[in-house]
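[1] One predicted model, sequence on top.
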Amino acid sequence: MEHVPKRIPVLALWSAPRSRSTAFARMMAQRDDRVVVHEPFSLVVDFGEVEVGDRVAHSEQDVLAALRAIAVHKPVFFKDTTDFHYPALLADEDFLSAATHTFIIRDPAEAIASHHALNPDLGRDEIGFARLYEIFTAVRTATGTTPVVIDSDDLLDRPAKTVRAYCEAVGIPFLPDALNWEPGMRSEWRTTSRWHRSTSETAGFARGIGGGAETVATDPVAADPVLRAYRDYHQPYYDKLRAAALRPE
């Protein structure tokens, strides 16, 4: 008999860097109905360890075990970014199948411009859309269904409708009060605080500030041959994810 993994109450949001995922995670924290874990995979790769609940993880495998352990007692939401490659995640077919993996996207030229402003030594692969699509494809293969994708432009332009559509798609209640929150730097962001400063200034989803929602000029990307080549490399992966995105009414 084919092994079918038991569903676990873990909801994941995967994102290329600078695609407004931190603002979405801030909304999920405001709900206060699940444990929210901030970027456990990227932090363990970047720093060699990360706190996940009451555990200190030192590897991807440790992160996976810690998320499963938390989910035994309370539903979990985690968000992470694809500036790194996660082979242990991709090899864990049970976790790919049993957790609910979702995705958020942003126009690559905007994401690259925002990313490059914080990291002038930005390399092609850490922009992350190719890796994001790799996880998307792995989840689709493992589950036999197309994962939920939202476009962060929809999140800014139609926040209530977009979040409602997301909640319906993943089977959690829509809580409109969670669309607004108090500004401030959260403790889980402090290790990488400069990446989250704009989100710390927000009180909700809106254009103009925060969470990658600041106005970003993309002309420098088009004018720079290296950045333009990066954009051209990642654009097809974004386009494939955009084609699968929810369309809020």
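    It's in.
[2] roughly how far apart are Q61 and I172?
    27 Å (Cβ to Cβ, to the nearest Å). Just so you know, the C-beta spots here come from the backbone N, C-alpha and C atoms, and that holds for glycine as well.
[3] For these two, indicate the residue with more neighbours.
    Between Q61 and I172, counting by other Cβ atoms under 10 Å, I172 is the more crowded of the two (18 against 14).
[4] Would you agree that one is in contact with M27?
    No. Counting by Cβ atoms under 8 Å, I172 does not reach M27; the two are 12.0 Å apart.
[5] What is the helix ranked longest in the chain packed up against?
    Using DSSP state H to define each element, the chain has its longest helix at helix 225-243. In terms of contacts (3 or more Cβ pairs under 8 Å, 6 or more residues apart in numbering; DSSP states H and E), helix 225-243 is packed against strand 100-105, helix 108-118, helix 129-143, strand 148-151, helix 219-223.
[6] do that again at 6 Å, thanks
    helix 108-118, helix 129-143, helix 219-223 (3 or more Cβ pairs under 6 Å, 6 or more residues apart in numbering; DSSP states H and E).
[7] in this structure, which spans are strands?
    10-15, 35-38, 50-52, 55-57, 76-81, 100-105, 148-151 (DSSP state E).
[8] V139 is nearest to which of the ones you listed?
    strand 100-105 (4.5 Å; Cβ to Cβ).
[9] quick check: mean pLDDT across that closest one?
    In this model, strand 100-105 has an average pLDDT of 98.
[10] Residues contacting it, please?
    11-15, 19, 21, 136, 139, 147-152, 170, 238, 241 (Cβ atoms under 6 Å, 6 or more residues apart in numbering).
[11] from the residues you listed, which would you call buried?
    11-15, 19, 21, 136, 139, 147-152, 238, 241 (16 or more other Cβ atoms under 10 Å).
[12] Switch the helices and strands packed on helix 225-243 over to TSV; also include mean pLDDT and distance to R55.
    Below are the helices and strands packed on helix 225-243 laid out as TSV (pLDDT from 0 to 100; distance: least, Cβ to Cβ, whole Å):
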stretch	mean pLDDT	distance to R55
helix 108-118	93	29
helix 129-143	98	23
helix 219-223	89	40
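[13] Pick the most buried one from the ones you listed.
    helix 108-118 (a mean of 22; mean count of other Cβ atoms under 10 Å).
[14] nearest residue to A178 other than its sequence neighbours?
    Nearest residue to A178 in three dimensions, chain neighbours excluded: Q30, at 4.1 Å (Cβ to Cβ, 6 or more residues apart in numbering).
[15] Let me know whether that neighbour touches N180 as I believe.
    No. Using Cβ atoms under 6 Å, Q30 is not in contact with N180, being 7.6 Å away.
[16] And those two? Which one has more around it.
    A direct count of neighbours by other Cβ under 10 Å for Q30 and N180 places Q30 higher, at 17 against 13.
[17] hmm, back to that, averaged pLDDT, the longest helix of the chain. What do you get?
    On average, helix 225-243 scores 97.
[18] what's the answer for stretch 88-96, then?
    For stretch 88-96, the per-residue pLDDT averages 98.
[19] buried stuff in stretch 28-41?
    M28, A29, Q30, R31, R34, V35, V36, V37, H38, E39, P40, F41.
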